[in-house]
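model the structure of this input:
(one chain, ligands or ions: 1)
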Amino acid sequence: MLWRTSTRTFDLTRRGLIMGVLNVTPDSFSDGGRYFDPADAVARGLEMVREGADILDIGGESTRPGAVPVEAEEELRRILPVISGLKQVCDVPLSIDTMKSRVAAPAMAAGAEIINDISGLMHDPDMARVAAETGAGLVLMHMRGTPRTMQQHPAYQDVTAEVRERLEAAYHQALAAGVLPEGLVFDPGIGFGKTLEHNLELLRALPVFQVQGRPVLLGVSRKSFLGRILGNTDPAARDAPTTALTAWARQQGARILRVHAVKENAQALRMMEAILGDT
Ligand code: HH2
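Below is the predicted model:
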């Protein structure tokens, strides 16, 4: 199982990847404001690399439920200094978490190699073209609606089938624009236009989201559904259940885990892979 980005190819057959979350925003739900200064963001990025991150996912717009959208210029102002800062000090693959091609294109030019589009090509018709032209690895996530409204009344007849269907359509959309299948990764989008029950059902069905045999990325880190089950309101207190889900998701076939607490999750991933061996 290979995943191609613009500059390298990951072999995911036996080794999954930890994607460290680096939010350069004032309002992200867990780390908002902590790394708003580019120097702090670069330092945090380096720390995550030391802790075992295989990829850093840099975001300049919060997508938490109710978040107010940010203009492309502002998103770029936040993320470009962090991309160039990290490029100067390490060779870790960088991913840009954006729904806008006007952000993705300059980010790729500055040295990012993966585009993480949480709208799964629904937000910006030009995104697939930018991914094709730059050769970016492309993460296609399922989201219903927009971050601002997505949690108002999420409703599905069959959440698993509908999420799978939409990701399948995104696969064909990407290929039609010239993206190579080896560049694609799929994500059911936990918490994006879903109730607690929807999230649990999607997790139960995780292998279903290996659209056309492509790898699955999962982002559950510190999310509110964990707090709803465990009765806690502090995102930073949700690293233990996140780590448990990392091991479980890897066992269910997920290959890329998007997390805040890199060290613990990398350890859980390596332990699970030791058990899985060559299977
Ligand atoms: N979740 C968040 C953001 N980007 N990308 C993918 N592919 N999958 C996810 O589950 C995912 C994502 C939300 O988490 P976070 O970045 O921590 O918060 P915020 O959106 O408030 O910045």
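
run through who's touching the longest strand along the chain.
Taking residue count as the measure and DSSP state E as the definition, the longest strand of the chain comes out as strand 17-23. Under the criterion Cβ atoms under 8 Å, 6 or more residues apart in numbering, residues 10, 30-32, 35, 41, 44-45, 48-49, 51-59, 62, 82, 95, 217, 221, 255-260, 262, 265-266, 269 lie in contact with strand 17-23. To be clear about C-beta, it is placed using only N, CA and C from the backbone, and glycine gets the same treatment.

just give me the neighbour total for residue 39.
Under the neighbour criterion other Cβ atoms under 10 Å, residue 39 is assigned a count of 11.

now the closest residue to it other than its chain neighbours: which helix or strand?
Beyond its immediate neighbours in the sequence, the residue positioned closest to residue 39 (Cβ to Cβ, 6 or more residues apart in numbering) is residue 85, lying 7.4 Å away. Taking DSSP states H and E as the criterion, the element that holds residue 85 is helix 72-89.

which secondary structure elements does that helix contact?
Using 3 or more Cβ pairs under 8 Å, 6 or more residues apart in numbering; DSSP states H and E as the contact criterion, the secondary-structure elements in contact with helix 72-89 are helix 38-51, strand 55-59, strand 94-97, helix 101-109.

run the last query once more with 6 Å
helix 38-51, helix 101-109 (3 or more Cβ pairs under 6 Å, 6 or more residues apart in numbering; DSSP states H and E).

just the CA trace of that helix, in CSV.
Once side chains and other backbone atoms are set aside, the C-alpha atoms of helix 72-89 remain, and they are given as CSV (Å, rounded to 0.1, in the frame of the first residue of the first chain):
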residue,chain,number,x,y,z
ALA,A,72,-7.5,33.2,2.0
GLU,A,73,-5.1,36.1,2.5
GLU,A,74,-5.3,35.8,6.3
GLU,A,75,-4.9,32.0,6.1
LEU,A,76,-1.7,32.5,4.0
ARG,A,77,-0.4,35.1,6.3
ARG,A,78,-0.6,32.6,9.1
ILE,A,79,0.8,29.5,7.5
LEU,A,80,3.4,30.6,5.0
PRO,A,81,6.0,31.7,7.5
VAL,A,82,5.5,28.4,9.4
ILE,A,83,6.0,26.3,6.2
SER,A,84,9.1,28.2,5.2
GLY,A,85,10.4,28.2,8.8
LEU,A,86,10.0,24.4,9.1
LYS,A,87,11.5,23.8,5.7
GLN,A,88,14.7,25.6,6.9
VAL,A,89,15.1,23.4,9.9
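
would you mind getting the angle between that helix and strand 55-59?
Direction vectors for helix 72-89 and strand 55-59, defined by axes from the mean of the first three to the mean of the last three Cα atoms, to 10 degrees, enclose an angle of 150 degrees.

and stretch 235-245, average pLDDT?
Confidence for stretch 235-245, expressed as mean pLDDT, is 96.

check which residues of that stretch are buried.
Applying a neighbour-count criterion of 16 or more other Cβ atoms under 10 Å, the buried positions in stretch 235-245 are 235, 238-239, 241-243, 245.

tell me the one of the residues you listed nearest the ligand?
Proximity of those to the ligand was ranked by Cβ to the nearest ligand atom; the top entry is residue 235 with 8.2 Å.
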